[in-house]
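>>> pasting the structure only:
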């Protein structure tokens, strides 16, 4: 079957760095997405990786290894507003469907 | 603002009733998705339309149905509502092509069934 695994919850300190991991097993691969979702709000797009390597976008970076079925989202200089759930999603086959992870709830402490 | 518009934002209705949620995709997007998210739960994919045609179906109950109209807006119909249907319903859209495959979400419709 198709599966995406993320840690359920992580805690980090304001100003620090945190890495949220995502492993996937899908039939085919056509890209991996990271979204941020604050409680009760819509998910917002953070990053997209389709080739191996690191994509940097400000304080956020996303890494992909297709051979390992692995990605991570790196958040630097954490701010209190980064407290949210982070969703990993993979487009597995060619019909443009996304397979969603359950999300990682990130708690930032002062 | 993602450009995806959903109405209504909040809805309270009784068990057994029927409601319709409406979605206007981003300008130029041909693909519309519907998701359900119960409290503290993950996103559950319901159904996807592309340019008026159903493209994929997820965990959508038989009591639920959807359609996409020629102007590309979409409606999700929920009938014979049960307490467990209370959730946040998101519509999302994308261009539906390999080059434009990022999904953008609307703000959601909060449905409370009492």
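Cool, the structure landed. Everything numeric here is computed off the predicted structure, so don't read it as measured data.
>>> Any idea how many residues pack against the residue nearest to residue B:87 when sequence neighbours are not counted?
What sits nearest to residue B:87 in space, not counting adjacent residues and going by Cβ to Cβ, 6 or more residues apart in numbering or on different chains, is residue B:38, at 4.5 Å. For the C-beta atoms, the positions are set from N, CA and C on the backbone; glycine is no exception. Look at residue B:38: counted by other Cβ atoms under 10 Å in any protein chain shown, it has 13 neighbours.
>>> so where's chain B uncertain?
Within chain B, the segments meeting pLDDT under 70 span B:98-100.
>>> where along it do the strands fall?
Counting by DSSP state E, chain B has strands at residues B:5-7, B:10-13, B:19-24, B:31-37, B:44-50, B:53-57, B:64-68, B:74-78, B:87-94, B:104-105, B:109-113.
>>> export these to CSV and tack on mean neighbour count?
Below are the strands of chain B laid out as CSV (neighbours: other Cβ atoms under 10 Å in any protein chain shown):
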stretch, mean neighbour count
strand B:5-7, 17
strand B:10-13, 13
strand B:19-24, 19
strand B:31-37, 26
strand B:44-50, 22
strand B:53-57, 13
strand B:64-68, 19
strand B:74-78, 21
strand B:87-94, 25
strand B:104-105, 22
strand B:109-113, 18
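>>> closest to residue A:12 out of those?
For residue A:12, the closest of the strands of chain B is strand B:31-37, at 24.3 Å, according to Cβ to Cβ.
>>> Quick one, which of the strands of chain B gets closest to residue A:98.
strand B:44-50 (7.4 Å).
>>> Provide the strand pairings for that closest one, with the direction of each partner.
strand B:31-37 (antiparallel), strand B:53-57 (antiparallel) (DSSP bridges).
>>> Give me the contact list for that strand.
A:96-98, A:100, B:30-38, B:54-60, B:64, B:66-68, B:74, B:76, B:96 (Cβ atoms under 8 Å, 6 or more residues apart in numbering or on different chains).
>>> what about chain A, any weak spots by pLDDT?
Ranges of chain A meeting pLDDT under 70: A:94-96.
>>> Show me what from chain A comes close to chain B.
Selection of chain A residues close to chain B by Cβ under 8 Å from any Cβ of the partner chain yields A:30-31, A:33, A:40-45, A:48, A:87, A:91, A:95-98, A:100-103.
>>> Show me the residues you listed that map onto strands.
With DSSP E as the criterion, strands contain A:33, A:44-45, A:48, A:87, A:91, A:98, A:100 from among the residues of chain A next to chain B.
>>> Pull out the buried residues from those.
Neighbour-count burial (16 or more other Cβ atoms under 10 Å in any protein chain shown) is assigned, among those, to A:33, A:48, A:87, A:91, A:98, A:100.
>>> which residues does the last one bridge with?
It stands for residue A:100. According to DSSP bridges, the residues that bridge with residue A:100 are residue A:89.
>>> Tell me who's in contact with it.
Counting by Cβ under 8 Å, 6+ apart, residue A:100 makes contact with A:4, A:87-89, B:42-43, B:45.
>>> now do the first one
With contacts taken as Cβ under 8 Å, 6+ apart, residue A:33 has the following neighbours: A:45-48, A:88-91, A:98, B:102-103.
>>> switch to 10 Å and redo it
A:43, A:45-50, A:62, A:71, A:87-91, A:98, A:100, B:101-103 (Cβ atoms under 10 Å, 6 or more residues apart in numbering or on different chains).
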